[in-house]
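Enquirer: sharing a sequence plus its predicted fold:
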Amino acid sequence: MKKNMEKHLTLRERILETIRDAIMSGALKPGEKVAEPELAARFGISRTPIREAFRQLESEGYLTVIPRRGALVASFSAKDVEEFYAIKSILEGYAARKACSRLTPREINKLEAINEKLREIAQEGDVRHFFKVHNSFHDLFIRGADNEKLHDMIASLLKKFQRLRLASLSKSGRMLISVEEHEKIIDAFRNRDTDLAEMLVQKNAEYGGKVLIEEETEEEIAPKFSLYPDTDL
């Protein structure tokens, strides 16, 4: 699977996926330096594209780039996780409330189709693919709130904590639970039940943080899983 996917990745994407996977699998630990020269040698390129990749990974919450020290694997405490998911639940819950009366039947049907796709992916156990499609489900109803500032605010927040969201979905059984939660949210949208839609979306977000806090220590909050089991950095 890994080799087939790599054929379709650009060099920049391969660098990003290599570092992401090394962090998520635990090959790179929180606080550990990501070696620029080794990456440059591995991909046969100058350090400029590596540094560009570092900047993107920093914006996604994977790295912390420190002047004259280089890039270090970012670490998250239980407090960081709790605060992120609290804000996420409030903003997305508000978006669901506003979208509830605005979503068209066609858009609600599209949510249902996306969720059925998510069910298939969850059964296959493909966390990376699930994460991308999962984002489209939430983005659809967030845009349905018809508030560009709210959408931009949520998008910026989610990008910064991408690593935590992917980590949460990687937990055993979490993908199928997410699909079941989505079903209830869709029903609330169909019934135009604004209170229920808001509450369900908030609970959905809160649960995402809960599974991380319950299973991880404050020193190393991101779990270890492998997008590509045989990836080495």
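Expert: Yes, it's here. Numbering: from 1, shown residues only.
Enquirer: now the closest residue to residue 143 other than its chain neighbours, what's its secondary structure?
Expert: Nearest residue to residue 143, sequence neighbours excluded (Cβ to Cβ, 6 or more residues apart in numbering): residue 151, at 5.9 Å. C-beta: built from backbone N, CA, C; applies to glycine. Per DSSP: H, G, I helix; E, B strand; the rest coil, the local secondary structure of residue 151 is helix.
Enquirer: and the gap between residue 151 and residue 138?
Expert: Distance of residue 151 to residue 138, computed by Cβ to Cβ, to the nearest Å: 11 Å.
Enquirer: these two - which one has more neighbours?
Expert: residue 138 (23 against 17; other Cβ atoms under 10 Å).
Enquirer: tell me the buried residues in the host helix or strand of that one?
Expert: Following DSSP states H and E, one finds residue 138 within helix 127-144. For helix 127-144, a neighbour-count test (16 or more other Cβ atoms under 10 Å) marks 127-131, 133-134, 137-144 as buried.
Enquirer: of the residues you listed, the lowest pLDDT goes to which?
Expert: Model confidence across the buried residues of helix 127-144 bottoms out at residue 128, which has 89.
Enquirer: do I have it right that residue 146 meets residue 103?
Expert: No: contact between residue 146 and residue 103 fails when scored by Cβ atoms under 8 Å: they sit 10.0 Å apart.
Enquirer: looking at the two, which is more packed in?
Expert: Counted by other Cβ under 10 Å, residue 146 and residue 103 do not tie: residue 103 has more neighbours, with 25 against 12.
Enquirer: does that one touch residue 145 like I think?
Expert: No: contact criterion Cβ under 8 Å: residue 103 and residue 145 do not qualify, at 9.2 Å.
Enquirer: and which of the buried residues of helix 127-144 is nearest residue 191?
Expert: Distance to residue 191, by Cβ to Cβ, is smallest for residue 141 among the buried residues of helix 127-144, at 14.4 Å.
Enquirer: quick one: contacts for that closest one?
Expert: Residues in contact with residue 141 (Cβ atoms under 8 Å, 6 or more residues apart in numbering) are 95, 96, 99, 103, 107, 111, 185, 189.
Enquirer: and if you look at residue 199?
Expert: So residue 199 contacts residue 93 (Cβ under 8 Å, 6+ apart).
Enquirer: phi, psi of it?
Expert: Dihedral pair for residue 199: phi -60, psi -40, per degrees, to the nearest 10.
Enquirer: over to residue 64?
Expert: Here is the backbone geometry of residue 64 (degrees, to the nearest 10): phi -120, psi 120.
Enquirer: neighbours of it, just the number please.
Expert: Using other Cβ under 10 Å, residue 64 is surrounded by 17 other residues.
Enquirer: same question for residue 45.
Expert: 14.
Enquirer: now it, what's its secondary structure?
Expert: coil.
Enquirer: what's the closest non-adjacent residue to it?
Expert: That would be residue 11: by Cβ to Cβ, 6+ apart, it lies 7.0 Å from residue 45.
Enquirer: and for the one you found, the neighbour number?
Expert: 12.
Enquirer: surely it is in contact with residue 42?
Expert: No: Residue 11 lies out of contact with residue 42 (Cβ under 8 Å); the separation is 11.1 Å.
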